[in-house]
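>>> I would like the atomic coordinates for the input below:
(chains A and B)
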Protein chains: 2
Amino acid sequence: MEKKMSLSLSEGKTSDVYFAKDIKDLSTGLSSYGDNVFWVFDTNSARLFSSLPEKRIVIDSGETNKNLKSLEKIIERALSFGSARDTRFLAFGGGVICDMTALASSLYMRGTRLTLVPTTLLCMVDATLGGKTAIDYLGAKNLVGTFYPAEDIVISIDTLRTLPDKEFKSGLGEVIKHAFLTEDPSLLSFLHENREKILKRDKETLNVMVEDSLLVKKKFIEADPRETKGIRSFLNLGHTFAHALESMAGYRISHGEAVAWGLLRAIEASYITNLCNKDLYDLAYAILKEYGYDVDYRVGRGDWIAYFEALKKDKKKSNGSVKFVLLESLGKPCLLPLEEKYIRAVTLESAKIRF
Amino acid sequence: MEKKMSLSLSEGKTSDVYFAKDIKDLSTGLSSYGDNVFWVFDTNSARLFSSLPEKRIVIDSGETNKNLKSLEKIIERALSFGSARDTRFLAFGGGVICDMTALASSLYMRGTRLTLVPTTLLCMVDATLGGKTAIDYLGAKNLVGTFYPAEDIVISIDTLRTLPDKEFKSGLGEVIKHAFLTEDPSLLSFLHENREKILKRDKETLNVMVEDSLLVKKKFIEADPRETKGIRSFLNLGHTFAHALESMAGYRISHGEAVAWGLLRAIEASYITNLCNKDLYDLAYAILKEYGYDVDYRVGRGDWIAYFEALKKDKKKSNGSVKFVLLESLGKPCLLPLEEKYIRAVTLESAKIRF
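Numbers count the residues shown, from 1 in each chain, chains lettered A, B, ... in the order given. Model prediction:
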């Protein structure tokens, strides 16, 4: 395993990101932690191992299991193995497993050691970096959580081999979002030029893409580790539109697909409010269409009230009004409220603007 | 309300401690927070108000309610009021309410604003300062929790007027512990000289005692906010012995009484292992006896195995062995393992040493 980057966080803490060459390299690396490790898998990620470590729990796969019940199971199992603060909780799975294990790790005796091994593209580029932990609660996505950065994040592109296409595409949504959050256009060009290799999951291409995507995220997190300065929340570009769609659709749509759609809605809103120029919108439309996202989807009139209600529940509220991350230009995000007429214009089917 | 101290914590955060002159001053101070406040009471503390604020929840009093169910109720109620990250969670009660509300505040949307108003002596001198939040879980005290310091802590000695004697004495246990954790002997002298006034709950005397006790705690917390450097854990002087007693007794004994007993056990262990001299033990024995604690209690032979098992589950474990906070002299704590024979000698009835 090779250390590719190290995040400087508050209180002198760091999160180190390692890339493993292959499954064998990953295996060797993780076994160096020794015996005081408590492993958390889901039924999908558990299949990547021929024999599972003894101190483990396997949670049923799927976002519907990102709940209090699963969190309780993780904590109970950790206790049954006599885990203490110096026990390393090791999450081996996608965002559900990583978010929940990290939350359990932050809560168990007020904090244990923690390693995340993301096995989905979405989790690699999004969930692992920056310490956001969560479960869904009372129908609200990630309502309950903490900030608790992992000591180590270990990435092995090989774990993506068996990932379903829909899941892979979900991760690409966040990668494309990152490409719009840096002034450097090289990630965007890379995505445009290597589309075929990326979709074929060429290992070297994905290694570059994941690392570049993480470098964008890293900058925002280091500048604002606990999302108190308004900088880190820029990473939520597209997310207010996306979360409401996910919530309305009962999470049948994947997070990254929702983000891809929300990203375009945010850039469209930036354009129609004269914040950015049409070129930026066209660029976003083109790259998202190129990668096969449903760029023309709008919420039907019958669903729009539910959609708008969900949108108003967004966590990025202050003084009762929801703020949106919008884009002035490539890598220049800002946080602004949006009048309802603009929200309608970019999300509601019958209010659709044809450019 | 007067700001008496300000704790410097990591990431530029501070916890400010205010003292209110009387209930009216407290009321005026708290109402200055405005309307975006979610109040958490227990059935005892709710009685201190003639009319309760609308956005509130009242939890049944008692340590048995410091559980996941109550935590869930708090979060659900907060959501029902449309609370967001800028909502202030305001805990008005003893340690159970303050610990749980602070945990809920740290978890709700990954953290809201937080004010603690402790209404028991134990909570004033112990639970409010330093950001430890918790619930009991699976029979283990404070197994689940976070570090989440309150922005404001507001103390009003008037809230102690209706506190039962047993509860008041519980708080004094922690105050006496703090007196042994500072090289400055003035808090110890103050406690010795003002015993009658303290037990009569003379307001001015208690104001001085609580402030001095908090100043001792403050030093340890500022030096080690997240208990990672071994300094803050010195505040657990007596707690390993105490927690095991509480766990064995099913929490029928009060925390402060257990701490008073555990404090003496830790100092006795320090003495018989030649860490401190007999004078220190005699001093601790005298002051604790003076305040009416059961200094001669030992665990009976029939209970000792249960006691020892509970003790081995202590959170201050590393590499599988429990470490004890011991005392070299006044204000000079250290963290050491103890051989079983010494643990027996200071806790087991039939192994009791007569000095």
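
>>> low-confidence ranges in the stretch 251-355 of chain A?
Residue ranges of the stretch 251-355 of chain A with pLDDT under 70: A:251, A:315-320, A:354.

>>> Strands along that one, start to end?
Remark: strands assigned in the stretch 251-355 of chain A by DSSP state E, counting those that start in this stretch are A:317-318, A:321-329, A:332-337.

>>> and A:Leu114, which of these is closest to it?
For those, proximity to A:Leu114 was assessed by Cβ to Cβ; strand A:321-329 is nearest, at 28.0 Å. To be clear about C-beta, it is placed using only N, CA and C from the backbone, and glycine gets the same treatment.

>>> Okay, buried residues for that closest one please.
A:322-327 (16 or more other Cβ atoms under 10 Å in any protein chain shown).

>>> so can I have CSV of those residues showing distance to B:Gly256?
Converted to CSV, the buried residues of strand A:321-329 look like this (distance: Cβ to Cβ, whole Å):
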residue, distance to B:Gly256
A:Val322, 46
A:Lys323, 46
A:Phe324, 51
A:Val325, 49
A:Leu326, 54
A:Leu327, 56
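
>>> Read off the pLDDT value for whatever residue of the stretch 51-200 of chain A ends up closest to chain B.
In the stretch 51-200 of chain A, no residue comes nearer to chain B than A:Ala84, which is 4.2 Å away by Cβ to the nearest Cβ. At A:Ala84, the predicted lDDT confidence score is 92.

>>> That one and A:Arg113 touch, don't they?
No - assessed by Cβ atoms under 8 Å, A:Ala84 is found out of contact with A:Arg113, at 10.1 Å.

>>> higher neighbour count, those two?
A:Ala84 (21 against 18; other Cβ atoms under 10 Å in any protein chain shown).

>>> Doesn't the more buried one lie inside a strand?
No - A:Ala84 is assigned coil when assessed by DSSP: H, G, I helix; E, B strand; the rest coil, not a strand.

>>> re earlier: closest to chain B among the buried residues of strand A:321-329?
A:Val322 (9.6 Å).

>>> ok, now which ones touch the closest residue to that closest one other than its chain neighbours?
Nearest non-adjacent residue to A:Val322, counting by Cβ to Cβ, 6 or more residues apart in numbering or on different chains: A:Asp314, 4.8 Å away. By Cβ atoms under 8 Å, 6 or more residues apart in numbering or on different chains, the contact list for A:Asp314 reads A:240, A:243-244, A:322.

>>> Pipe the residues you listed into a markdown table and attach distance to B:Lys289 per row.
Formatted as a markdown table, these follow (distance: Cβ to Cβ, whole Å):
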| residue | distance to B:Lys289 |
| --- | --- |
| A:Thr240 | 63 |
| A:His243 | 61 |
| A:Ala244 | 65 |
| A:Val322 | 61 |
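
>>> who wins for neighbours among these?
Most neighbours among these, by other Cβ under 10 Å: A:Ala244, with 27 neighbours.

>>> and A:Phe41, helix, strand or coil?
Per three-state DSSP, the local secondary structure of A:Phe41 is strand.

>>> gap between it and A:Leu129?
A:Phe41 is 21 Å from A:Leu129, where distance means Cβ to Cβ, to the nearest Å.

>>> picking up where we left off before, which of the buried residues of strand A:321-329 sit farthest apart?
A:Val322 and A:Leu327 (17.0 Å).

>>> and which of the buried residues of strand A:321-329 is nearest to A:Pro225?
Using Cβ to Cβ, the buried residues of strand A:321-329 come closest to A:Pro225 at A:Val325, 18.1 Å.

>>> Which residue, other than its chain neighbours, is closest to that closest one?
For A:Val325, ignoring the flanking residues on the chain, the nearest one in space by Cβ to Cβ, 6+ apart is A:Leu237 at 4.5 Å.

>>> Ramachandran angles for that neighbour?
Main-chain torsions, A:Leu237, degrees, to the nearest 10: phi -50, psi 120.

>>> Is it in contact with A:Ala179, as I believe?
No - with contact defined as Cβ under 8 Å, A:Leu237 does not count as touching A:Ala179 (10.7 Å).

>>> The residue nearest the centre of chain A in helix, strand or coil?
Ranked by distance to the mean C-alpha position of chain A (Cα atoms, centre = their mean), the top residue is A:Asp126 at 3.1 Å. Classification of A:Asp126 by three-state DSSP places it in helix.

>>> How about residues contacting stretch A:25-40?
Outside stretch A:25-40, the residues that touch it by Cβ under 8 Å, 6+ apart are A:1, A:18, A:20, A:52-53, A:55-57, A:59, A:74, A:77-78, A:81, A:83, A:86-93, A:97, A:100-101, A:104, A:115, A:117, A:154, A:156, A:158-159.
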